[in-house]
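Student: from the sequence below, what's the structure:
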Amino acid sequence: MPQDVINHIPVLIAAVGALGIAAFGVVEALGKSLFVFDLPGGKKAGLPYVGFAKIDPLLKLVDPAMRASYGDAYRDILLQQYRAGRGKGQAPETIRQGVRLGLPFLDMEAATRVIANLWGLPPEAAAQLAAALTNRQPPRPSSRAAAPDDPSQAQALAARFATALDTRVQAAFDIADAVYQTRAQLWAAVIAIGLSLGYQAATNDWTAVPSLKTLGDWSVALLVGLVAVPLAPVAKDLSSSLSDALDALGKLRGGGK
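Tutor: Numbering: from 1, shown residues only. So this is what the prediction gives:
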């Protein structure tokens, strides 16, 4: 491979990475502004809402508490918050606060069910915490346990439940964000390929007779589009590292002469 081509590899990598970043930018801009749809039944579709379906199983577990806090339309609130920032926005904290604020307003049975669904500990512990939150008397335990009106016991149960709630919410939004990123990368790859092939079409000499060279040019354009998106996050560091390595290699060769 000619030396001038080797020296230009870092520049080429940076350019391909820039194409991937541009494709991501197009996906974010168009996906959040143009391709958003309101479907019948109050459902919403579009890139900003991708991944929210992974939150629904959690919402089913805490539905009574969320309704007590925000009303029947709480899911619409979460959808808009998810659209604005997904797991890094206000949606996770809205669920956490909704459960904590809603539990004291539920009856013993509903509160115990919500706590048990999220917690996974023995029913007696869930009933004790529900009693402490709702100021009601729990069922008589079948084994010896601290009384539900014991402040230290109630605080310990509440702290353990808060940890379980935070973990479940974080896990749900991590999965949702992974689904969103995968879908965004797919669309960014499609756009990167389109941009690369479009540039090749714009600069191609259509009057020339097709040959192996022109076929190779189109193949390179397709390859550039395919690797642009996965290369984008590391393009800058990889380009800098290769540039430093080539400079060091050039100095070694020059010193050996």
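
Student: run through who's touching the one helix or strand Pro92 maps to.
Tutor: Following DSSP states H and E, one finds Pro92 within helix 91-102. Applying CB atoms under 8 Å, 6 or more residues apart in numbering, the contact partners of helix 91-102 are 55, 58-59, 62, 64-70, 74, 77-78, 81-82, 85, 114, 118, 162, 165-166, 169-170, 173. In this view, the C-beta of every residue, glycine as well, is placed from N, C-alpha and C.

Student: Pro220 - how many residues pack around it?
Tutor: Heads up, residue 220 is Val, not Pro. Val220: 12 surrounding residues under other CB atoms under 10 Å.

Student: sorry, back to before: now, the contacts of helix 91-102 that are in helices?
Tutor: Counting by DSSP state H, these place 58-59, 62, 64-70, 74, 77-78, 81-82, 85, 114, 118, 162, 165-166, 169-170, 173 in helices.

Student: with adjacent residues omitted, what lies nearest to Tyr199?
Tutor: Leaving aside its sequence neighbours, Tyr199 sits nearest to Ala221 (CB to CB, 6 or more residues apart in numbering; 7.0 Å).

Student: do I have it right that that neighbour meets Leu197?
Tutor: Yes. The criterion here is CB atoms under 8 Å, and Ala221 meets it with Leu197 at 5.4 Å.

Student: the two: who's more crowded?
Tutor: Comparing Ala221 with Leu197 by other CB under 10 Å, the one with more neighbours is Ala221, at 20 against 16.

Student: and the more buried one, its phi and psi?
Tutor: With angles defined as degrees, to the nearest 10, Ala221 sits at phi -60, psi -40.

Student: please apply the same query to Gly89.
Tutor: Main-chain dihedrals, Gly89, degrees, to the nearest 10: phi -90, psi -150.

Student: now do it against Gly216, distance only.
Tutor: Separation of Gly89 from Gly216 (CB to CB, to the nearest Å): 46 Å.

Student: from the ones in helices among the contacts of helix 91-102, list just the buried residues.
Tutor: Buried members of the ones in helices among the contacts of helix 91-102, scored by 16 or more other CB atoms under 10 Å, are 58-59, 62, 64-70, 74, 77-78, 81-82, 114, 118, 165, 169, 173.

Student: what packs against the helix or strand containing Ala202?
Tutor: Assessed by DSSP H and E, Ala202 sits inside helix 151-203. On a contact count with 3 or more CB pairs under 8 Å, 6 or more residues apart in numbering; DSSP states H and E, helix 151-203 meets helix 9-33, helix 56-70, helix 91-102, helix 108-119, helix 123-134, helix 212-231.

Student: what residues of the last one count as buried?
Tutor: If you call a residue buried by 16+ other CB under 10 Å, then helix 212-231 has these buried ones: Ala221, Val224, Gly225, Val227, Ala228, Val229, Leu231.

Student: excluding chain neighbours, what is closest to Ala65?
Tutor: Setting aside the residues directly before and after it, Ala65 is nearest to Gly102 in space (CB to CB, 6+ apart), at 3.3 Å.
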